[in-house]
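In: sequence-free structure coming up:
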């Protein structure tokens, strides 16, 4: 079997279709919905596709939306988070400290002191947080 060009896409972003209208959703976590469209995460600790960059936070339903899926991105938090903490999504697509059995998006690279802060996250998608031994 042979291929022309590269078969590996090393881009930090992908483009998909917005499932719903988005207003002020920059730095929120998103997922694929059951129709394969991009939707803001709506279940605490669910699997995350990526983050909405600053310039993509306002979209109409059906618009193309660019999503950051790797590297360092920004995320709005729902509560204080310590630097270095494992991070998951809350039920509204915001970052919070990961708890047992929940999907880890990545790691906080800076502390957040209050809800609404925006902090850098190293996106790692490292699976589900195990129970302590």
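Out: Thanks, I have it. Computed from a predicted structure; not experimentally measured.

In: for residue 45, what are its contacts?
Out: Contact partners of residue 45, counting by Cβ atoms under 8 Å, 6 or more residues apart in numbering, are 88-89, 98-99, 101-103. To be clear about C-beta, it is placed using only N, CA and C from the backbone, and glycine gets the same treatment.

In: Now it: which helix or strand?
Out: Under the criterion DSSP states H and E, no helix or strand holds residue 45.

In: Quick check: nearest residue in space to it, chain neighbours excluded?
Out: Leaving out its chain neighbours, the residue that sits closest to residue 45 by Cβ to Cβ, 6 or more residues apart in numbering is residue 102, at 2.8 Å.

In: and the gap between the one you found and residue 11?
Out: According to Cβ to Cβ, to the nearest Å, residue 102 stands 27 Å off from residue 11.

In: These two - which one has more neighbours?
Out: residue 102 (20 against 12; other Cβ atoms under 10 Å).

In: so the more buried one makes contact with residue 41?
Out: No: under the criterion of Cβ atoms under 8 Å, residue 102 makes no contact with residue 41, lying 11.4 Å away.

In: pLDDT score assigned to residue 130?
Out: With respect to pLDDT, residue 130 has a value of 86.

In: Count the neighbours of it for me.
Out: 9.

In: list the contacts for it?
Out: By Cβ under 8 Å, 6+ apart, the contact list for residue 130 reads residue 100.

In: Could you measure from it over to residue 67?
Out: For residue 130, the distance to residue 67 - Cβ to Cβ - is 27 Å.
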